[in-house]
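Asker: 3D model of this:
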Amino acid sequence: MSATETLREARADDVAGMHRVRLLVRENPLRSAIVAEADYLPYLHDHGRGWVIEVDGGVRAFAIGDRRDGNIWALFVEPGYEGRGYGRRLHEVMVAWLAAHGCPRLRLTTAAGTRAERFYERAGWRRAGIAPSGEVRFERDSGGAA
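Answerer: Here you go, the predicted model:
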């Protein structure tokens with residue numbers, strides 16, 4: 001039996017599944033309770049948008065972008081579901097949405113030496129220095145998905 005995969009806009013009732021994925025990732029893990037489930041809601045409804053990939057009814061990957069400043073707030077794929085193109089699909093829809101909502105320049109941070117760093121480099125992001133946290137800062141023009 002093949003899995004049913006759906007990419008769709010995230011809703012408030014997806015937050016628990018998104019947070020579960022966020023806590024499971026091996027790279028860029030949350031090391032404390034800095035991000036709580038309640039933190040997702042403003043990004044989904046007030047100043048951003050999110051998307052999920054559901055596989056057989058469960059959230060397996062998600063992305064959230066902030067239209068105020070073009071920040072990629074989150075892009076995570078559950079371990080065991082990597083390598084299926086979910087990150088790329090989420091990235092494309094998020095970058096296109098941010099571009100359509102007037103964000104000329106996009107930005108993000110990620111840990112150095114990770115698959116995420118290589119993913120963003122392949123997707124057209126440019127290194128823009130090191131953040132105070134020690135993470136690598138990336139920027140790119142929003143001119144459409146890479």
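
Asker: hey, what's the most centrally placed residue in the chain bridged with?
Answerer: Nearest residue to the geometric centre of the chain (Cα atoms, centre = their mean): Leu75, 1.7 Å. Counting by DSSP bridges, Leu75 forms beta bridges with Ala63.

Asker: quick one: the host helix or strand of His91 to chain centroid distance?
Answerer: Element membership of His91 [criterion: DSSP states H and E] is helix 86-100. Mean C-alpha position of helix 86-100 versus that of the full chain (Cα atoms, centre = their mean, to the nearest Å) differs by 9 Å.

Asker: which helices and strands does that helix pack with?
Answerer: Here helix 86-100 is seen to pack against strand 5-9, strand 48-55, strand 58-66, strand 71-77 when contacts are counted using 3 or more Cβ pairs under 8 Å, 6 or more residues apart in numbering; DSSP states H and E. All C-beta spots, glycine's among them, are computed from the backbone N, C-alpha and C.

Asker: may I see the buried residues of the third one?
Answerer: Put plainly, it is strand 58-66. Residues of strand 58-66 classed as buried: Val59, Arg60, Ala61, Phe62, Ala63, Ile64, Gly65, Asp66 (neighbour count, 16 or more other Cβ atoms under 10 Å).

Asker: make TSV from these and add distance to Tyr86 and pLDDT to it.
Answerer: Putting these into TSV (distance: Cβ to Cβ, whole Å; pLDDT from 0 to 100) gives the following:
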residue	distance to Tyr86	pLDDT
Val59	11	98
Arg60	7	98
Ala61	4	98
Phe62	9	97
Ala63	9	97
Ile64	14	97
Gly65	16	96
Asp66	21	96
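
Asker: and which of those residues is nearest Glu27?
Answerer: Ala61 (13.8 Å; Cβ to Cβ).

Asker: got a list of contacts for the strand or helix carrying Tyr120?
Answerer: According to DSSP H and E, Tyr120 maps onto helix 115-122. Applying Cβ atoms under 8 Å, 6 or more residues apart in numbering, the contact partners of helix 115-122 are Glu27, Asn28, Leu75, Glu82, Gly87, His91, Leu108, Thr110, Ala111, Arg127, Val136, Phe138.
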